[in-house]
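>>> quick one, structure for this:
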Amino acid sequence: MADFLALKNGTDVRGTAIAAEGDPVTLTDEVVETIGRAFCIWLKNRGLTCPTIAVGHDSRLSAKRIEASLVKGITACGNDVVLTGLSSTPSMFMLLQDGFGADASVMITASHLPKEKNGLKFFVKEGGLEGDDVKEILTLAAAGAVYAADKAGSVTERSYIEAYSADLVEKVRRATGKEKPLAGKRILVDAGNGAGGFYVDLVLRPLGADTTGSQFLEPDGAFPNHIPNPENREAMASVCGAVKKYHADFGVIFDTDVDRAGAVSADGEEINRNRLIALISAILLEERTGATIVTDSVTSDGLAAFITAHGGVHRRFKRGYKNVINESKRLNAEGIYSPLAIETSGHAALKENYFLDDGAYLVTRLLIALAQKGDLESLIRDLPEPAEAKEVRLKFSCADFKARGEGVLEHVRTAAVEAGLMLAPENYEGVRINFGKDQGDGWALVRMSLHEPILPINMESNSKGGVGKIAAALYQMLKEYDFLDAEKLFNA
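Numbers count the residues shown, from 1 in each chain. Next comes the predicted model:
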């Protein structure tokens, strides 16, 4: 019997769609069909008795199989389906706001995970489903809930990505007052053979950009060139190399389903993580000073200083794109203007865009600034950069890692104080420790992974050799735990 709840991954359903060694298929045809029926029941319980549901997918090899099973489950409940074909995750939400004729949508994707994986993201007009909603759907599926219909629903095909792209083009034209504001600019895109290749033909070229050097635009779920992931070193090295080779003014890289993006400056240096957050923050703070920028917990002290220097307030919150988005929404509801919720992974959600994490919208916002200013590097020239930065991920070798992990964090908190180190005064996740100049000259964040049996440790130092000192201090705190591979800190 399928373990439906094991397929829950945050706010998504994710599982194995193509068998790999030691990893059998969990997203079988029957499982996907059952989840499709359960989603219809979930919608019915909220007053949507016969909704039309749009279904799209990224470039994964298993997409069409998953699509067929999902459609079978949905139409069995009497609901009509509109197949949008190759789509981005953000477009599957936007079509619900745009008179497309759908009441809910499902995106078939596993984001940046390996090619064997796949998954489902659910949307209603109010936004993407929360983790509790996904749990409820999977609980309905596990219970074998049935929604009998007198007549099966229909299936039609209608792409939406063209209309979605046209809206982005119009936004740039309105902001700049020009039909082709990117004329004279060479801007290349690396889609990693995911779903983001549309951005070249449907957005950049209509705006006048020269897209010479764009690469891996063809959808190919085998991902033959590199993983479509702005956080992947090989992927970033590839797009940085292309920018240098073709002397581009700007480079863009999308993840598989285009809800995340990274960028590259004209000199071939990546604009990612803290630099990407600084760039979009600078743009927004020019428009309205005093804004609160919400980020995840691993952002640097240099970024915090940058946001403050540019007239903003930095709110460092928990990891998880839904966490930062919900915190930014909460602040706005309290009357505190917060235009941006962004993770270092590249998930960026703007208030002006329904707080939707949308890589293409983020890039479009950057291109407006590029068209207006001529370059973007000058906006982040004063960002303080650390001399060293490192992430070490310690694995738990025990089954009860969540309970053990809480004990480890409490021990680290106590040990840090006893060692004369300073704990960060405002911290919402794990233990963030500040190290003085003679102690490592930086900071470390020790936290639990959201979904895996891993203790990630992020470290930054303003001095060469500082990360090594910080890692050595942390090893002394963690070496007694035989269920953690703390020796990895020796390589930091």
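>>> next, the distance between the ends of stretch 428-447.
The straight-line separation of the ends of stretch 428-447 (CA to CA, to the nearest Å) is 10 Å.
>>> what residues sit buried inside it?
429-435, 439-447 (16 or more other CB atoms under 10 Å). Every C-beta, even on glycine, is put in place using the N, C-alpha and C of the backbone.
>>> among the residues you listed, name the ones in strands.
Using DSSP state E to define strands, the subset of the buried residues of stretch 428-447 located there is Val431, Arg432, Ile433, Asn434, Phe435, Gly442, Trp443, Ala444, Leu445, Val446.
>>> among the residues you listed, which pair sits farthest apart?
Pairwise distances across these (CB to CB) peak at 14.7 Å, for the pair Val431 and Gly442.
>>> against Leu140, how distant is the closest residue to Ala142 other than its chain neighbours?
Of all residues not flanking Ala142 in the chain, Phe4 sits nearest, at 4.1 Å (CB to CB, 6 or more residues apart in numbering). In this view, Phe4 and Leu140 are 9 Å apart by CB to CB, to the nearest Å.
>>> got the residue ranges for the strands in the stretch 301-450 of the chain?
Remark: strands assigned in the stretch 301-450 of the chain by DSSP state E, counting those that start in this stretch are 313-316, 340-342, 348-350, 356-357, 388-395, 422-423, 431-435, 442-446.
>>> out of these, the one nearest Ile41 is which?
strand 356-357 (25.9 Å).
>>> other SSEs contacting the closest one?
If contacts are counted by 3 or more CB pairs under 8 Å, 6 or more residues apart in numbering; DSSP states H and E, strand 356-357 sits against helix 89-94, strand 348-350.
>>> pick the most deeply packed of these.
helix 89-94 (a mean of 28; mean count of other CB atoms under 10 Å).
>>> okay, it in PDB with CA atoms only?
Below are the C-alpha coordinates for helix 89-94, written out as PDB (Å, rounded to 0.1, in the frame of the first residue of the first chain):
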ATOM      1  CA  THR A  89       5.300  27.100 -12.100                       C
ATOM      2  CA  PRO A  90       4.600  30.900 -11.700                       C
ATOM      3  CA  SER A  91       2.500  30.900 -14.900                       C
ATOM      4  CA  MET A  92       0.300  28.200 -13.400                       C
ATOM      5  CA  PHE A  93      -0.700  30.600 -10.700                       C
ATOM      6  CA  MET A  94      -0.900  33.600 -12.900                       C
END
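>>> buried residues in the helix ranked longest in the chain, which are they?
When the chain is parsed with DSSP state H, its longest helix is helix 401-418. Judged by neighbour count (16+ other CB under 10 Å), helix 401-418 contains these buried residues: Phe401, Arg404, Gly405, Val408, Leu409, Val412, Arg413, Ala415, Ala416.
>>> going by distance to Ile74, which of the residues you listed wins?
Among those, and counting by CB to CB, the member closest to Ile74 is Phe401, at 36.7 Å.
>>> distance of the closest residue to the closest one other than its chain neighbours relative to Glu391?
Nearest residue to Phe401, sequence neighbours excluded (CB to CB, 6+ apart): Pro453, at 4.1 Å. Remark: distance between Pro453 and Glu391 (CB to CB) = 16 Å.
>>> between those two, which has more neighbouring residues?
Legend: neighbour count by other CB atoms under 10 Å for Pro453 and Glu391, higher for Pro453 (18 against 12).
>>> isn't that one up against Ala403?
No: the criterion here is CB atoms under 8 Å, and Pro453 misses it with Ala403 at 11.6 Å.
>>> what do the two both touch?
With contacts taken as CB atoms under 8 Å, 6 or more residues apart in numbering, Pro453 and Ala403 have no neighbour in common.
>>> okay, Lys402: pLDDT?
For Lys402, the model assigns a pLDDT of 89.
>>> what's the answer for Met1, then?
pLDDT, read off for Met1, is 60.
>>> before we move on, what about Glu426?
You'll see Glu426 listed with a pLDDT of 84.
>>> next one: the spatially closest residue to it that is not a sequence neighbour from Leu423, what distance?
Among residues not flanking Glu426 along the chain, Arg316 sits closest, at 7.0 Å (CB to CB, 6+ apart). Distance of Arg316 to Leu423, given as CB to CB: 14 Å.
>>> likewise for Gly101?
Taken as CB to CB, the span from Gly101 to Leu423 is 53 Å.
>>> now do Lys390
20 Å.
>>> between those two, which is the more surrounded one?
Between Lys390 and Leu423, counted using other CB under 10 Å, Lys390 has the larger neighbour count: 18 against 13.
>>> in this structure that one contacts Ala471, no?
Yes: in this structure, Lys390 is within contact of Ala471 by CB under 8 Å, at 7.5 Å.
>>> list the contacts for the residue most central in space within the chain?
Closest residue to the average C-alpha location of the chain: His347 at 3.6 Å, with CA atoms, centre = their mean. By CB under 8 Å, 6+ apart, the contact list for His347 reads Asp259, Arg260, Tyr321, Val324, Asp357.
>>> now rank those by neighbours and give me the top one.
Tallying neighbours with other CB under 10 Å puts Asp259 at the head of the contacts of His347, with 31 neighbours.
>>> that residue contacts Asp357, doesn't it?
Yes: contact criterion CB under 8 Å: Asp259 and Asp357 qualify, at 5.0 Å.
>>> shared neighbours of the two, which are they?
Pro90, His347.
>>> can you show me the helices along the stretch 101-250 of the chain?
Remark: helices assigned in the stretch 101-250 of the chain by DSSP state H, counting those that start in this stretch are 131-142, 161-176, 198-199, 233-245.
>>> Asn353: which of those helices is closest?
Closest among the helices of the stretch 101-250 of the chain, using CB to CB: helix 161-176, at 9.5 Å.
>>> what's that closest one in contact with?
For helix 161-176, the surrounding residues in contact (CB under 8 Å, 6+ apart) are 84-88, 90-91, 94-95, 98, 100, 179, 181-182, 198-199, 202-203, 206-207, 360-361, 364, 367-368, 371-372.
>>> buried among the residues you listed? Need that as a selection in PyMOL.
Buried subset of those, written as a PyMOL selection, criterion 16+ other CB under 10 Å:
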select buried, resi 84+86+87+88+90+91+94+95+100+181+182+198+199+202+203+206+207+360+361+364+367+368+371
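>>> isn't there a helix covering Ala38?
Yes: counting by DSSP: H, G, I helix; E, B strand; the rest coil, Ala38 is located in a helix.
>>> what about it, how many residues close to it?
25.
>>> wait, it sits on Lys135?
No: counting by CB under 8 Å, Ala38 does not reach Lys135; the two are 11.2 Å apart.
>>> which strands and helices lie in contact with the longest helix of the chain?
strand 422-423, strand 431-435, strand 442-446, helix 466-478.
>>> please put the alpha-carbon coordinates of that helix into CSV.
Provided in CSV are the C-alpha atoms of helix 401-418 (Å, rounded to 0.1, in the frame of the first residue of the first chain):
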residue,chain,number,x,y,z
PHE,A,401,17.2,12.9,14.3
LYS,A,402,14.6,15.6,14.9
ALA,A,403,14.5,15.1,18.7
ARG,A,404,18.3,14.6,18.8
GLY,A,405,18.8,17.7,16.7
GLU,A,406,16.9,19.9,19.1
GLY,A,407,19.1,18.6,21.9
VAL,A,408,22.2,19.4,19.8
LEU,A,409,21.0,23.0,19.2
GLU,A,410,20.4,23.6,22.8
HIS,A,411,23.8,22.3,23.7
VAL,A,412,25.4,24.6,21.0
ARG,A,413,23.5,27.5,22.4
THR,A,414,24.8,26.9,26.0
ALA,A,415,28.3,26.0,24.9
ALA,A,416,28.6,29.2,22.8
VAL,A,417,27.7,31.4,25.8
GLU,A,418,30.1,29.4,28.1
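>>> what sits against the residue sitting furthest away from the middle of the chain?
Centroid-distance maximum for the chain: Asp150 at 40.2 Å, with CA atoms, centre = their mean. For Asp150, the contacting residues are Gly78, by CB under 8 Å, 6+ apart.
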